[in-house]
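Trainee: A structural model of the following input is requested.
(chains A and B)
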Amino acid sequence: MSVEITEVAAEVTIEPVNRTGVPVFELDHVSHSYGRNKVIFDVNLAVWPGEVVGLVGDNGAGKSTLLKIFAGYQKPTGGQLKFMGKPVSFKSPAAARALGIEAVYQDLAMVNQLNLWRNFYLGKELKKRFGPVAVMDRKAMRKATVDALAELGLTRIRSADDPVWALSGGERQSVAITRANHFGAKLLLLDEPTAALSVRETRNVLQSIRHARSQGLGIMYIDHNMNHVIPVADRIVLLEHGRIVRIIDRGEVGVEELQELIAMRRQITV
Amino acid sequence: MRRLLSILRIREVTPLIGLIVVALFFTLRTTNFVSGMNMTAITGIAATVGIVSIGVTMLMMSGEFDLSVGQNFAFVPIVWAILFVSNGVNEWLALFIALGLGALVGVVNGLVTTVFRIPSFIATLGMYFGLQGANNLLISGHQLIMFDGSLSMTILGGQIGNSPFSMPLLWLLVIAVIFWFISTRLAYGNWTLATGGDAGPAKAMGVPTVRVKRINFVVSSFLAGLAGCMQFAYLRGVTQAQGDKYELLAITAAVLGGTSLFGGSGTIWGSVLGALILSSIQIGLVLIGVPGSFYVTFIGVMLVVVVIANTRIDRLTEGTR
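Mentor: Have a look, this model is predicted:
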């Protein structure tokens, strides 16, 4: 496994993150409860442009909830969200998307029943005038979808009318990340994008993450596999029982050590 | 074989074949299936069932059901008739009020379903009984009759020139074109299918899934009320039994037309064809001398067979879609 990391890490020299400016997104003393069940406790966290923040922790640590708060899918019950330094409150994921926050969820990436182009442009359909009404520009959406997928190397795709359920898990994630990039996101949220992917597919996904980072996107990234977090993350945030217990800078710890940290938390809690 | 399968994937092809088979069968078994009088009867039934079914189809595409359409089909024209025939309110104002009340039924259905997060099956079943009571209260078993057709009634339900067809058929085509356009050419159509297909990712992509459902509940109720008014205008009378079983006929027409019971897929023209199949069978069975009550039995069996067949075709054509 460690061979794979050094190989991936050696591919690019990584520019350090400039954290002097305004963060893309900031959580200020954020907490969240589902009914009486409190799952996020007083979290302070910022993501700067061109930074990849890896969010790690055991199951139930609150990673997905935190991501959903970022994406406007959950409204936190306490604290303040700030986008580009300004306080914001999202009524819906559409409001977050309008600001340039694109999320790719593990299980919520695509609608199975819709074909590729309908998925690619879902919620942000291209329109053209048809008399007094704005109709979907289906031709343009089909073409752009096929182009974007060809760039991804998904040559197996014959047409933009192909059903999404014909894609593999990795292809779906890549399509979803491409889609987010395509819409000029400022902050990209990824929920286990490499879960259940082959080595090659993982590589492609990690490469698209790096590509997005080099474009100046802030990226927040959940993954269970430390081999996939360490090579791409500038900072790793360790979450436990809804609290940030440690923030680790790039190169500070190795894979084994990080795995130990997550598994053995109880023994080293301050 | 592959090409054949991909043709079968066009949702309207299967119901079209079904309609042709049904029409051929009755044409061969009877002497007068393709007569003017029969066309009047078949298209008359298909028109109102079809319009109700179009609304139900939009709602089913977004993943919800409406069992109250049959009662709304009587409720709206009863309100219209009471205001306009019995109380002399301006016919257009009365129609506007009645259709508005019909749409309000959809607002309530949508709110009850989405706010309390209960199955629409239950919410609209409650509305079914509620409206049944209201209808009974309003005309308590009587029949409201309008002897002289007024302008609005001629526009909604009159005969088209000297043809065997009447206005509801024309309205069916107009409404079908409108909703075909909405469902296939507008982003709203994409949102409707996404909402019914899988609301989670749709919401994550910024589709206002709850609003989409609420709008489609109103569409369903409004069209049911409008079709009910056409029926009243066509028959020049209304009883509280009007629209009996229409909720099930509309769903059946939609399913015959290829609309998924689980949301996420369906076509408007498919439902129109489904309505034509239903009415052809209804009239055809009468012509070959089968007892009228047998019709519903036949429809019931066919519904189950078609759903089984659709599921099989879906499996067969996987990968060619």
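
Trainee: Helix, strand or coil: sort out residue A:29 for me.
Mentor: The assignment at residue A:29 comes out as strand when based on DSSP: H, G, I helix; E, B strand; the rest coil.

Trainee: where's it relative to residue A:210, distance?
Mentor: 32 Å (CB to CB, to the nearest Å). (C-beta placed from N, C-alpha, C; glycine too.)

Trainee: One more: residue B:251?
Mentor: Taking CB to CB, one finds residue B:251 at 51 Å from residue A:210.

Trainee: Looking at these two, which is more packed in?
Mentor: residue B:251 (25 against 18; other CB atoms under 10 Å in any protein chain shown).

Trainee: Local confidence estimate at that one?
Mentor: The model reports residue B:251 with a pLDDT of 94.

Trainee: is it true that it lies in a helix?
Mentor: Yes: Residue B:251: assigned to a helix according to three-state DSSP.

Trainee: Where does the prediction get shaky in the stretch 1-150 of chain B?
Mentor: Within the stretch 1-150 of chain B, the segments meeting pLDDT under 70 span B:1-9.

Trainee: just the helices in it please.
Mentor: Using DSSP state H, counting those that start in this stretch, the helices of the stretch 1-150 of chain B run over B:2-8, B:13-29, B:36-61, B:69-81, B:91-115, B:120-139.

Trainee: mind checking which of those is nearest residue A:20?
Mentor: Minimum separation from residue A:20 across the helices of the stretch 1-150 of chain B (CB to CB) falls at helix B:91-115, 46.2 Å.

Trainee: Would you mark the buried spots in the closest one?
Mentor: B:91, B:94-95, B:97-99, B:101-103, B:105-106, B:108-110, B:112-114 (16 or more other CB atoms under 10 Å in any protein chain shown).

Trainee: Between helix B:120-139 and that helix, find me the angle.
Mentor: Orientation check (axes from the mean of the first three to the mean of the last three CA atoms, to 10 degrees): helix B:91-115 against helix B:120-139 gives 150 degrees.

Trainee: Residue A:61 - how many residues pack around it?
Mentor: Other residues near residue A:61 come to 24 when the count uses other CB under 10 Å.

Trainee: pretty sure it contacts residue A:239?
Mentor: Yes: counting by CB atoms under 8 Å, residue A:61 touches residue A:239, with 4.3 Å between them.

Trainee: Quick one: name the residues of the stretch 151-270 of chain A near chain B.
Mentor: A:162-163, A:166 (CB under 8 Å from any CB of the partner chain).

Trainee: Of these, just say which sits nearest to residue B:25.
Mentor: Among these, and counting by CB to CB, the member closest to residue B:25 is residue A:163, at 34.5 Å.

Trainee: ok, how many other residues are close to the closest one?
Mentor: 17.

Trainee: what bridges to it?
Mentor: Note on residue A:163: beta-bridge partners residue A:115, judged by DSSP bridges.

Trainee: In three-state terms, label residue A:42 for me.
Mentor: Strictly by three-state DSSP, residue A:42 counts as strand.

Trainee: For it, the count of nearby residues, please.
Mentor: The burial count for residue A:42: 14, using other CB under 10 Å.

Trainee: From residue A:76, how far out is it?
Mentor: Distance, residue A:42 to residue A:76, using CB to CB: 11 Å.

Trainee: Give the residues shared as contacts by these two.
Mentor: A:30-31 (CB atoms under 8 Å, 6 or more residues apart in numbering or on different chains).

Trainee: Compute the distance between residue B:154 and residue B:45, please.
Mentor: 20 Å.

Trainee: Ok, residue A:203 next?
Mentor: 61 Å.

Trainee: all strands for the stretch 51-200 of chain A, in order.
Mentor: A:52-56, A:78-83, A:86-88, A:101-104, A:127-130, A:133-136, A:187-191 (DSSP state E, counting those that start in this stretch).

Trainee: Mind putting the ones you listed into a markdown table with mean pLDDT?
Mentor: What follows is the strands of the stretch 51-200 of chain A, written out as a markdown table (pLDDT from 0 to 100):
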| stretch | mean pLDDT |
| --- | --- |
| strand A:52-56 | 90 |
| strand A:78-83 | 90 |
| strand A:86-88 | 90 |
| strand A:101-104 | 85 |
| strand A:127-130 | 89 |
| strand A:133-136 | 91 |
| strand A:187-191 | 88 |
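
Trainee: Please name the residues that touch the most centrally placed residue in chain B.
Mentor: The centroid of chain B falls nearest to residue B:53 when counting by CA atoms, centre = their mean (1.9 Å). By CB under 8 Å, 6+ apart, residue B:53 lies in contact with B:249-251, B:253-254, B:257, B:271-272, B:274-275.

Trainee: can you check residue B:234 too?
Mentor: Neighbour list for residue B:234: B:44, B:48, B:156-158, B:166-168 [criterion: CB under 8 Å, 6+ apart].

Trainee: Could you list the low-pLDDT ranges of the stretch 151-300 of chain B?
Mentor: Checking the stretch 151-300 of chain B against pLDDT under 70 turns up nothing.

Trainee: how about residue 89, what does it touch?
Mentor: No chain was given, so I picked chain A. Taking CB under 8 Å, 6+ apart, one finds A:75, A:81 in contact with residue A:89.

Trainee: nope, chain B please
Mentor: B:83, B:97.

Trainee: switch to 10 Å and redo it
Mentor: Applying CB atoms under 10 Å, 6 or more residues apart in numbering or on different chains, one finds that residue B:89 lies in contact with B:80, B:82-83, B:95-98.

Trainee: Can you give me the buried ones in stretch B:305-316?
Mentor: B:306, B:310.

Trainee: Any idea how far it is from the middle of the chain?
Mentor: Relative to the chain's own centre, stretch B:305-316 is displaced by 22 Å; criterion: CA atoms, centre = their mean, to the nearest Å.

Trainee: and what of stretch A:114-124?
Mentor: 19 Å.

Trainee: Distance-wise, check residue A:35 relative to residue A:71.
Mentor: 21 Å.

Trainee: Between those two, which is the more surrounded one?
Mentor: More crowded of residue A:35 and residue A:71, by other CB under 10 Å: residue A:71, with 24 against 5.

Trainee: If I look at the more buried one, what pLDDT would I see?
Mentor: pLDDT, read off for residue A:71, is 87.

Trainee: So for it, what's the nearest residue that isn't a sequence neighbour?
Mentor: Closest residue to residue A:71 apart from its sequence neighbours, by CB to CB, 6 or more residues apart in numbering or on different chains: residue A:103 at 3.9 Å.

Trainee: give the contact list for the one you found.
Mentor: Neighbours of residue A:103 in contact, by CB under 10 Å, 6+ apart: A:67-68, A:70-73, A:93, A:96-97, A:109, A:176, A:180, A:185, A:187-191, A:220, B:204-206.
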